[in-house]
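Participant: Dropping a prediction and its sequence here:
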Amino acid sequence: MEKKFGLIGSTVSHSFSKNYFDEKFFREGLRDYHYDLYELKHIDDLKQLIKDNPDMCGLNVTIPYKEKVVPMLKEIDEAAKKIGAVNVIKIKEGVLYGYNTDSIAFKETLSKWFPNPKGSSAIILGTGGSSKAVQQALRELNIPFKLVSREKVKADFTYEELKNTEEISACNLVINTTPLGMSPKTTEYPSIKYEQLTPNHFVYDLIYNPARTQFIQKAEMRGATFKNGLEMLHIQAEKAWAIWNN
C-alpha cells in the first residue's frame, strides 16, 4: 500500500529531508513509501494538499508555518501545546494530529555539545516556532535566556537595541533560530556585534544548509565554538518517523 510523507514550508527546495527519507525508505525496503517537498504559498493550502493526497500519512513543518498550522489540527500533544509550535503532523483517516520534536532534538544535541558551566546564559536570535522550541529546551536545562527580534513586542531587545549593549559579551551561548543565511540566500546573516564573541562563546545555528553559514563563519573568526543544525535534523527526523509509525 502506498504511503506518502513530506515537508511543508514557504521555501523547501533547500531541505535535506527528502534525501534523508528517500535513503531511509530504500535501506529499509519500503518501496511504496514516498517523501516529497511541498511549497505552500499560504497555510490554508494545506487543506487542498491533504484532499489531493488521500494516502498522505505524515508531514514535517518548517518556516513559517510551525505556529500557523496549530489551528488546523484536531489534537496537539502536550509538548507541542506547551511550546506553541508544531513541526510534525500525523495524519490518520484524514484527521491531523500535531507534535513537536524540535525541542527534544535541540535539547539532546545541546546537552552533548555545550558544557553548561555555572553562570551560563543564552541569547536567542528570533522568536518564531523554532525559537519557541529552543526556549522550552533551555527552560528545562535551567539556562536563562534573552530574546532578540525585529519587533520589540516579541523580545527583550530589537537587533538595533542589542548593538548598544554588552549582552553578547555577558552570555556564553548564542543561538540563531532565524532563516538568515539559509540556502539559497547564503550571504545573509543576523545583524549582531560579532566582535563581542570570544573563544569562550558557544554559537549554535539551527540552519544546516549550508553547513557553514555566514553566522558560523563570523563566529569561527572570533574563536568561538560552533555547531550547525544537521545533527538536530537527524534526531528530529527519526523522532518524526517514530510518531508516524506509532
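Facilitator: Received it, and whenever you're ready, just let me know what you need.
Participant: low-scoring pLDDT stretches of this protein, where are they?
Facilitator: Applying pLDDT under 70 to the chain flags no residue at all.
Participant: Might you quantify the distance of the longest helix along it from its chain's geometric centre?
Facilitator: Using DSSP state H, we find that the single longest helix of the chain is helix 230-245. Computed by C-alpha atoms, centre = their mean, to the nearest Å, the chain-centroid distance of helix 230-245 equals 12 Å.
Participant: Let me see the ranges of the helices in this structure.
Facilitator: Applying DSSP H to the chain gives helices spanning 17-27, 45-52, 78-83, 102-113, 129-140, 159-163, 167-170, 214-221, 230-245.
Participant: Quick one: closest of these to residue 92.
Facilitator: Taking C-beta to C-beta, helix 230-245 is the member of those nearest to residue 92, at 9.7 Å. C-beta coordinates here come from the backbone N, C-alpha and C atoms, glycine included.
Participant: which parts of that closest one are buried?
Facilitator: Under the neighbour-count criterion of 16 or more other C-beta atoms under 10 Å, helix 230-245 has 231, 232, 233, 235, 236, 237, 239, 240, 241, 243, 244 buried.
Participant: Check stretch 147-166 too.
Facilitator: 147, 148, 149, 155, 156, 157, 162.
Participant: Among these, which one sits closest to residue 123?
Facilitator: Closest to residue 123 out of those is residue 148 (6.2 Å), distances taken as C-beta to C-beta.
Participant: among the buried residues of helix 230-245, which two are most distant?
Facilitator: 231 and 244 (20.8 Å).
Participant: how far is stretch 97-111 from where the chain is centred?
Facilitator: Centroid separation for stretch 97-111 versus its chain: 9 Å, with C-alpha atoms, centre = their mean.
Participant: could I get that stretch in PDB with only the CA atoms?
Facilitator: This file holds the C-alpha atoms of stretch 97-111, laid out as PDB (Å, rounded to 0.1, in the frame of the first residue of the first chain):
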ATOM      1  CA  TYR A  97      -2.500  15.500  14.900                       C
ATOM      2  CA  GLY A  98       0.400  17.800  15.900                       C
ATOM      3  CA  TYR A  99       3.700  17.200  17.700                       C
ATOM      4  CA  ASN A 100       6.900  19.000  18.400                       C
ATOM      5  CA  THR A 101      10.200  17.100  18.000                       C
ATOM      6  CA  ASP A 102      12.400  20.300  17.600                       C
ATOM      7  CA  SER A 103      12.600  21.000  21.300                       C
ATOM      8  CA  ILE A 104      13.700  17.500  22.400                       C
ATOM      9  CA  ALA A 105      16.100  17.200  19.500                       C
ATOM     10  CA  PHE A 106      17.700  20.600  20.300                       C
ATOM     11  CA  LYS A 107      17.900  19.700  24.000                       C
ATOM     12  CA  GLU A 108      19.600  16.400  23.200                       C
ATOM     13  CA  THR A 109      22.200  17.900  20.900                       C
ATOM     14  CA  LEU A 110      22.900  20.900  23.100                       C
ATOM     15  CA  SER A 111      23.400  18.800  26.200                       C
END
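Participant: For residue 187, grab the count of nearby residues.
Facilitator: Here the number of neighbours of residue 187 (other C-beta atoms under 10 Å) works out to 9.
Participant: mind listing what it touches?
Facilitator: By C-beta atoms under 8 Å, 6 or more residues apart in numbering, the contact list for residue 187 reads 181, 214.
Participant: List the buried residues in stretch 175-195.
Facilitator: Buried residues in stretch 175-195 (16+ other C-beta under 10 Å): 175, 176, 177, 178, 179, 180, 181, 182, 189, 190, 192, 194.
Participant: What residues does the most centrally placed residue in the chain make contact with?
Facilitator: Centroid-nearest residue in the chain, with C-alpha atoms, centre = their mean: residue 130, separated by 4.3 Å. Contacts for residue 130 (C-beta under 8 Å, 6+ apart) come out as 63, 66, 85, 102, 177, 206.
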